[in-house]
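Student: please find the sequence and the predicted model below.
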Amino acid sequence: MTFDCEKYKSVCGSRCCSCFPMPKKLWEKNKNKAVRKVAELQTFSMKDEERIIVLTYDMLCTFLDYQLNCRIYDDRPPICRNFGNEEFPFMHCPFQHTDGTPR
Ligand code: SF4
Ligand code: SF4
């Protein structure tokens, strides 16, 4: 088996794609692709890099479209790429293991 979100989207609703602190430059580059309506922008510095939390009204990532696809998939940051990899703490998917077996 392989890790495959398509099998679970109808159940999980891509809930892992919630509002998160992304690099501000990623937001500036891609904000024209935002889908979910922005309620508030919160900026701060972390490890000398400017970060931004793009808060939406439903608390899902602004780049998650209504078919539950990522609008910036090829440009998504490491935290998104690594989600589901159980070698990282706090990155476990509640629905499947890293090898795609169900929980
Ligand atoms: S990582 Fe898990 S919660 Fe996120 S979309 Fe895939 S199956 Fe759903
Ligand atoms: S950038 Fe894409 S993969 Fe990352 S949380 Fe947003 S919709 Fe999900």
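Tutor: It's in. Ligands and ions are numbered 1, 2, ... in the order given.
Student: any idea how far the most centrally placed residue in the chain is from ligand 2?
Tutor: By Cα atoms, centre = their mean, the mean C-alpha position of the chain lies nearest to residue 17, the distance being 3.6 Å. To ligand 2, residue 17 is 3 Å away according to Cβ to the nearest ligand atom, to the nearest Å. All C-beta atoms are positioned from the backbone trio N, CA, C, and that covers glycine.
Student: any idea how far that residue lies from residue 37?
Tutor: According to Cβ to Cβ, to the nearest Å, residue 17 and residue 37 sit 15 Å apart.
Student: do residue 73 as well
Tutor: Distance from residue 73 to residue 37, by Cβ to Cβ: 21 Å.
Student: residues from the chain in reach of ligand 1?
Tutor: Residues of the chain lying close to ligand 1 (Cβ under 6 Å from any ligand atom) are 5, 8-9, 12, 14-16, 83-84, 93, 95-96.
Student: apply 8 Å and report the result again.
Tutor: Proximity of the chain to ligand 1 (Cβ under 8 Å from any ligand atom) is limited to residues 3, 5, 7-9, 11-17, 68, 83-84, 93-96.
Student: correct me, but residue 92 touches residue 16?
Tutor: No - if you go by Cβ atoms under 8 Å, residue 92 and residue 16 don't touch, sitting 9.9 Å apart.
Student: which of the two has more neighbours?
Tutor: Remark: of residue 92 and residue 16, residue 16 carries more neighbours, 20 against 16, as counted by other Cβ atoms under 10 Å.
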